[in-house]
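Student: below is the sequence, then the predicted model.
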Amino acid sequence: MGPLLISALLCAGASCDDEGETSEKPQPAKGFDAALPPNPAIGKSPLDIKYEATISGLTRFMRDLRVAIMSNDEPATGLMIASLRLEDHETWMKATFGDELGKALSDQYKPQRDEIGLLVEVLREQFDKGLTEIDVGRYQTKENPSSTGYQSAAIGKMVKPAPLYSVRLMSKDRKQTFHIWSFVHDKESFRFVGKLRAVATKRALGGRDLNEYRISDAERLASSGKPAPK
């Protein structure tokens, strides 16, 4: 599995758990959403896939992708994963962040774009562990305490504002979390753009990059030195 994509997806903590560990082993998810009808948004090509630019729109996308992956529907899974590519990434990055920063972000993003198919197994692993609850965040102002440091910095450096989205996959008791970010909405559906690390200098503390945490958790971690949930 490609290290570039994996490093872009993994949560900051070693275990992805929220505060307080549990000794109970997560159980594989089975049969959820099995009775739901096929989503007409899934067509014959990635360009047919359309979801509205809202929290509920990305939640629906992730739920439909979860169903496709867990039911081993390879055609639907392939189309939905392919649709997450930001195809004209150079133009989008430069239009959103300006020429210089846009070029740096575009260069950083290209390996993730090329390896987007690896996301299937990353997600399947989390669903199999029972992380089937979906929580979506939408950020469009700098210094939102629920956004990560990189998301906040990215929003602050945009010359053309564009909301950033996070997806957290959680266990039903919410004690385990896997964070995937960032997504943007472009041309009628969602695209995965990754952490956008070129927007800020890494804030290192004890081997952790504080910019990968929620701003509120990063400040608490910086003051206490204790691990914080992503």
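Tutor: Cool, the structure landed. Numbers count the residues shown, from 1 in each chain.

Student: run the chain-centre distance for stretch 58-67.
Tutor: How far stretch 58-67 lies from its chain's middle: 12 Å, per Cα atoms, centre = their mean, to the nearest Å.

Student: where are the low-confidence patches of the protein?
Tutor: Per-residue confidence for the chain (pLDDT under 70) gives these ranges: 1-43, 225-230.

Student: 50 instead?
Tutor: In the prediction, the chain carries residues with pLDDT under 50 at positions 7, 12-38, 228.

Student: where along it do the strands fall?
Tutor: Assignment of strands within the chain using DSSP state E yields the ranges 133-139, 164-170, 177-186, 189-192, 204-205, 208-209.

Student: what lines up beside the second one in the sheet?
Tutor: Strand 164-170 sits in its sheet next to strand 133-139 (antiparallel), strand 177-186 (antiparallel), going by DSSP bridges.

Student: which of those sits closest to R113?
Tutor: For those, proximity to R113 was assessed by Cβ to Cβ; strand 177-186 is nearest, at 12.7 Å. Glycine gets a C-beta too; all of them are placed from N, C-alpha and C.

Student: restrict the closest one to CA atoms and write it as PDB.
Tutor: Extracted C-alpha coordinates of strand 177-186, given in PDB (Å, rounded to 0.1, in the frame of the first residue of the first chain):
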ATOM      1  CA  THR A 177     -12.200   7.300  15.500                       C
ATOM      2  CA  PHE A 178     -10.500   7.400  12.200                       C
ATOM      3  CA  HIS A 179     -10.200  10.800  10.600                       C
ATOM      4  CA  ILE A 180     -10.000  11.300   6.800                       C
ATOM      5  CA  TRP A 181      -9.400  14.900   5.500                       C
ATOM      6  CA  SER A 182      -9.800  17.200   3.700                       C
ATOM      7  CA  PHE A 183     -12.500  17.000   1.000                       C
ATOM      8  CA  VAL A 184     -13.800  19.800  -1.200                       C
ATOM      9  CA  HIS A 185     -16.800  20.100  -3.400                       C
ATOM     10  CA  ASP A 186     -16.000  20.700  -7.100                       C
END
